[in-house]
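Asks: next input, structure requested:
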Amino acid sequence: MKLSASHGKKISEPTDQQINQAIDEIEDNNGSFVILDAENGFVQAAGSLPDKLLVEYQIDGKHFQSISQNLSAEQVKDIFKQFRHGLNDFKRNNEWKEVELSNSGGAGCAPILLILYAVFVWQVVL
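Replies: Got it, this is the predicted structure:
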């Protein structure tokens, strides 16, 4: 696994504590994000602290977004830790909607583009 954050370095095989710290350092809704990559997918969060975070995850090519755009840092930490440990509880304990991804050649950029889109929407709404 690899943890990446817009505000920090990449960490291979992050601990729960390192994940918590990265989430606590999400700066605002101007593009700050955290991504935890695994072999079969990823989970990512963006938004503003303490309780205006959006989470997305992708597993085996299917992409989902939290219905709530007002998740707390603690909720996001739980989601990331469950994902890290291979638990599926986060799927049942939160409401998700499937997001269709384009099959274009730039598919590798899809996660970042989705976060940037979410940030844009937050700026317009707020």
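Asks: residue boundaries of the helices in this structure?
Replies: Assigned by DSSP state H, the chain shows helices spanning 16-24, 73-84, 89-93, 110-125.
Asks: now the residue nearest to the spatial centre of the chain, which residues is it bridged with?
Replies: By Cα atoms, centre = their mean, the chain has its centre lying nearest to residue 44, at 1.5 Å. With DSSP bridges as the criterion, residue 44 is bridged to residue 35, residue 56.
Asks: re the thing from before, which of the helices of the chain comes out lowest on mean pLDDT?
Replies: The minimum mean pLDDT among the helices of the chain belongs to helix 110-125 (a mean of 51).
Asks: can you name the residues that contact the nearest residue to residue 11 once chain neighbours are set aside?
Replies: Using Cβ to Cβ, 6 or more residues apart in numbering and skipping residues adjacent in sequence, the residue nearest residue 11 is residue 3, 4.4 Å away. Bear in mind the C-beta positions are built from the backbone N, C-alpha and C, glycine included. The contact partners of residue 3, by Cβ atoms under 8 Å, 6 or more residues apart in numbering, come to 10, 11, 14, 18, 19, 22, 34, 35, 36, 37.
Asks: repeat that for residue 42.
Replies: Residue 42 sits in contact with 35, 36, 57, 58, 111, where contact means Cβ under 8 Å, 6+ apart.
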